[in-house]
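Novice: Return a 3D structure for these sequence lines:
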Amino acid sequence: MLRLGFAGVGTIAMNYLGLICDGRVPSVAVTAMSGRTPAGMNRAVNAYPALAGAKQFTDYHEMLTSGDIDAVMICTPHGQHPAMTREALEQGVHVLVEKPVGIHMSEIRQVEALLAKRPELVCGVMYNRRMSGCYRTVKELMEQGAVGDLVRVTWIITNLYRTCAYYGSSPWRGTWASEGGGLLMTQASHQLDLMQWICGMPVKVMARCATVDRDIQVENEAELFLEYANGAHGHFLASAHECPGSNRLEICGTRGRITVVEDQEVQVLHLDQDEREFARQCPNPFEQVPFTQETLTFDDSDNKVQHAAMIENFAQAVAGTQPLACPFAQGVRSLEIIQGTYLSHWTQKACPLPPDESEFNRCYQQKV
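Specialist: Just a heads-up that it's a prediction; the model follows:
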């Protein structure tokens, strides 16, 4: 049984605590909590009486060195993630950190350097959608070459709706200083993580961001135009103000197409022949490649199912019985895309990926 401590007991931590207390993460026991004041921790105990035995700390370092935990789950505001991750690793404590991994890349590189020296420690990122059967199947299909070489990937993810009350729920939301960005950092980073996990990292981005009808500093709308090393191109369209929104991913290759609708339905179209060969050999100017099609459906799109599976995977990774679903180094990649997107928008030009860290920092500080 993994003895898990929680750093931060806000809204997202309460969701995870509920899953563990309900028995949906069988390999984990919550043995400690850390918060700025006892109020949040007491609220958690009132909601979940099973937490009554968990020790409470108002000093994070004291929890790490107490001997009461094997691992910590970090659920604090974005900017605090790297320093808290580094401190835990320095104390020999395994870490599962809420996404994104941080704001300042220099701090994140320090974590990466420390992990290189401590390979026995497990450090994962809560990109829970990697546990979706739908997207794990899509990744397997791509690795098997089911649709050939990548030609285009397009994701329209506009069902991330947030009201003004959401941004008003905490003073750090919707700010450059504390959140490090908006829609892309907090909601759509899940889809950016999945896109690079499945299709690989793009090498360049041209982007436009906007703030629509919300009193916030950061974006709630974004359009990304991506380039890949093999010449393929991508589009990523995201919004937190459209209602109702939609969620559709298309991956087009030289041997077919994969379409994912609302995280639940996967349509796989298989061409009988590689399109490039067919185009050169076919004598008819308007004939198209014959194809077959199949549809797969999945029922695990519920966030809670994926959250529980991700925490359980982390526990199993610490025990050495499963590979970690999202290691820290992989969790950094979506942040590189996000910061490249911001830099492209700010400079009004295409930005290589990963972006120049010093140039990004100069522009970011102007925003702060």
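
Novice: Which SSE is immediately downstream of the helix or strand where residue 222 lies?
Specialist: Using DSSP states H and E, residue 222 sits within strand 221-227. Downstream of strand 221-227, the next assigned helix or strand under DSSP H and E is strand 233-239.

Novice: Now that following strand - C-alpha only, PDB.
Specialist: Output of strand 233-239 as PDB, limited to C-alpha atoms (Å, rounded to 0.1, in the frame of the first residue of the first chain):
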ATOM      1  CA  HIS A 233       0.900  19.700 -40.700                       C
ATOM      2  CA  GLY A 234      -1.500  20.100 -37.800                       C
ATOM      3  CA  HIS A 235      -4.300  22.300 -36.500                       C
ATOM      4  CA  PHE A 236      -5.400  22.800 -32.900                       C
ATOM      5  CA  LEU A 237      -8.500  24.900 -32.300                       C
ATOM      6  CA  ALA A 238      -9.500  25.400 -28.700                       C
ATOM      7  CA  SER A 239     -12.100  27.500 -26.900                       C
END
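
Novice: Now do the same for it: mean pLDDT, whole number.
Specialist: Averaging pLDDT along strand 233-239 gives 98.

Novice: who does that strand touch, helix- and strand-wise?
Specialist: For strand 233-239, the packing partners by 3 or more C-beta pairs under 8 Å, 6 or more residues apart in numbering; DSSP states H and E come out as strand 150-157, helix 183-186, helix 189-199, strand 221-227. The way it works is simple: take the backbone N, C-alpha and C, and place the C-beta from them, glycine included.

Novice: Partner strands of the helix or strand that that strand is followed by and their direction?
Specialist: With elements assigned by DSSP H and E, the helix or strand that comes after strand 233-239 is strand 247-253. Partners of strand 247-253 in the sheet, by DSSP bridges, are strand 150-157 (antiparallel), strand 256-261 (antiparallel).

Novice: got those as JSON lines, with distance to residue 346 and mean neighbour count columns?
Specialist: Formatted as JSON lines, those follow (distance: least, C-beta to C-beta, whole Å; neighbours: other C-beta atoms under 10 Å):
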{"stretch": "strand 150-157", "distance to residue 346": "22", "mean neighbour count": "20"}
{"stretch": "strand 256-261", "distance to residue 346": "31", "mean neighbour count": "20"}
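
Novice: So for residue 280, which of those sits nearest?
Specialist: strand 150-157 (16.0 Å; C-beta to C-beta).

Novice: Just the mean pLDDT for the closest one, thanks.
Specialist: Across strand 150-157, pLDDT averages out at 98.

Novice: between it and strand 221-227, how many degrees?
Specialist: 170 degrees (axes from the mean of the first three to the mean of the last three C-alpha atoms, to 10 degrees).

Novice: quick one: the nearest residue to residue 129 once chain neighbours are set aside from residue 23, how far?
Specialist: Once flanking residues are discounted, residue 129 sits nearest to residue 190: 4.9 Å by C-beta to C-beta, 6 or more residues apart in numbering. Per C-beta to C-beta, to the nearest Å, residue 190 is found 26 Å from residue 23.

Novice: Of those two, give the one with the bigger neighbour count.
Specialist: residue 190 (22 against 9; other C-beta atoms under 10 Å).

Novice: Was I right to think that one contacts residue 125?
Specialist: No. In this structure residue 190 lies outside contact range of residue 125 using C-beta atoms under 8 Å: 10.8 Å.

Novice: In terms of secondary structure, what does whatever helix or strand residue 84 lives in contact?
Specialist: Per DSSP H and E: residue 84 is located in helix 81-90. Packing contacts for helix 81-90, counted by 3+ C-beta pairs under 8 Å, 6+ apart, involve helix 60-64, strand 71-74, strand 94-97, helix 105-117.

Novice: Considering only helices and strands, which part of the protein has the lowest mean pLDDT?
Specialist: Ranking every helix and strand in the chain by mean pLDDT, DSSP states H and E puts helix 176-179 at the bottom, with a mean of 91.

Novice: tilt between the helix holding residue 84 and helix 105-117?
Specialist: With the same axes, to 10 degrees as the basis, helix 81-90 and helix 105-117 are set at 20 degrees to each other.

Novice: what residues does the least confident helix or strand of the chain touch?
Specialist: By C-beta atoms under 8 Å, 6 or more residues apart in numbering, the list of residues contacting helix 176-179 from outside reads 77-79, 171-173, 185-186, 217-218, 364, 367-368.

Novice: ok, now stretch 119-127?
Specialist: With contact meaning C-beta under 8 Å, 6+ apart, stretch 119-127 is reached by 71, 73, 85, 89, 92-99, 101, 111, 115, 189-190, 193-194, 307, 310, 313-314, 317-318, 324-328, 330-331, 334.

Novice: on that earlier part again, the residue nearest to residue 129: what's it in contact with?
Specialist: Counting by C-beta under 8 Å, 6+ apart, residue 190 touches 99, 127, 128, 129.

Novice: Next: residue 29.
Specialist: Residue 29 neighbours (C-beta under 8 Å, 6+ apart): 1, 2, 3, 4, 20.

Novice: Can you give me the distance of the third one to residue 310?
Specialist: When C-beta to C-beta is the yardstick, residue 3 and residue 310 sit 18 Å from each other.

Novice: Counting neighbours, go ahead and name the busier of these two.
Specialist: Using other C-beta under 10 Å, the more surrounded residue of residue 3 and residue 310 is residue 310, with 24 against 16.

Novice: Thanks a lot, catch you later.
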